[in-house]
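Student: Task: produce atomic coordinates for the following.
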Amino acid sequence: QVQLVESGGGLVQAGGSLRLSCAASGRTFSNYAMGWFRQAPGKEREFVAGIDRSGSGTFYSNSVLGRFTISKDSGKNTVYLQMNRLKPEDTAVYYCAATAKFAGVEVLLRNYNYWGQGTQVTVSS
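Tutor: This next block holds a predicted model:
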């Protein structure tokens with residue numbers, strides 16, 4: 001069992017930056033591949049970025065590629081999502097997720113078995 005707590009969301013103007021954090025507690029953090037998902041009002045939850053167990057492999061959705069960066073600090077049991085050049089369409093609740101079933105980057109929501117409570121990101125135009 002692992003518990004995930006996100007922080008760092010807020011209101012930002014278009015073009016600005018935010019850094020989301022996801023602190024993990026419970027089992028060994030290095031055993032988990034991690035991901036960030038987001039859900040806008042009236043839309044399904046979608047994959048944003050993922051990182052493998054080792055922290056060396058990453059993958060991004062096309063909509064955030066080149067603007068967002070996912071990273072993992074195993075010493076702090078924390079995964080980050082640095083979000084730059086934010087756009088109004090990035091507005092959503094952002095969720096951190098973890099999976100022990102796979103070692104590589106996972107993009108499918110169903111492959112994650114632990115989720116945080118979410119943090120709101122609002123980008124004004």
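
Student: List the beta-bridge partners for Ala23.
Tutor: Residues in a beta bridge with Ala23, per DSSP bridges, are Val5, Thr78.

Student: Quick one: residues contacting it.
Tutor: Listed by C-beta atoms under 8 Å, 6 or more residues apart in numbering, the contact set of Ala23 reads 4-5, 7, 76-78. Quick note: C-beta positions are derived from backbone N, CA and C, even for glycine.

Student: swap in Thr122?
Tutor: Applying C-beta under 8 Å, 6+ apart to Thr122 gives the contacts 10-12, 91.

Student: 7 Å instead, please
Tutor: 11, 91 (C-beta atoms under 7 Å, 6 or more residues apart in numbering).

Student: how near is it to Lys101?
Tutor: Per C-beta to C-beta, to the nearest Å, Thr122 is found 33 Å from Lys101.

Student: how about the contacts of Ala23 in JSON lines, adding pLDDT?
Tutor: JSON lines is the format used below for the contacts of Ala23 (pLDDT from 0 to 100):
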{"residue": "Leu4", "pLDDT": "96"}
{"residue": "Val5", "pLDDT": "96"}
{"residue": "Ser7", "pLDDT": "97"}
{"residue": "Lys76", "pLDDT": "92"}
{"residue": "Asn77", "pLDDT": "93"}
{"residue": "Thr78", "pLDDT": "95"}
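
Student: Return the members of those residues classed as buried.
Tutor: Buried subset of the contacts of Ala23 (neighbour count, 16 or more other C-beta atoms under 10 Å): 4, 77-78.
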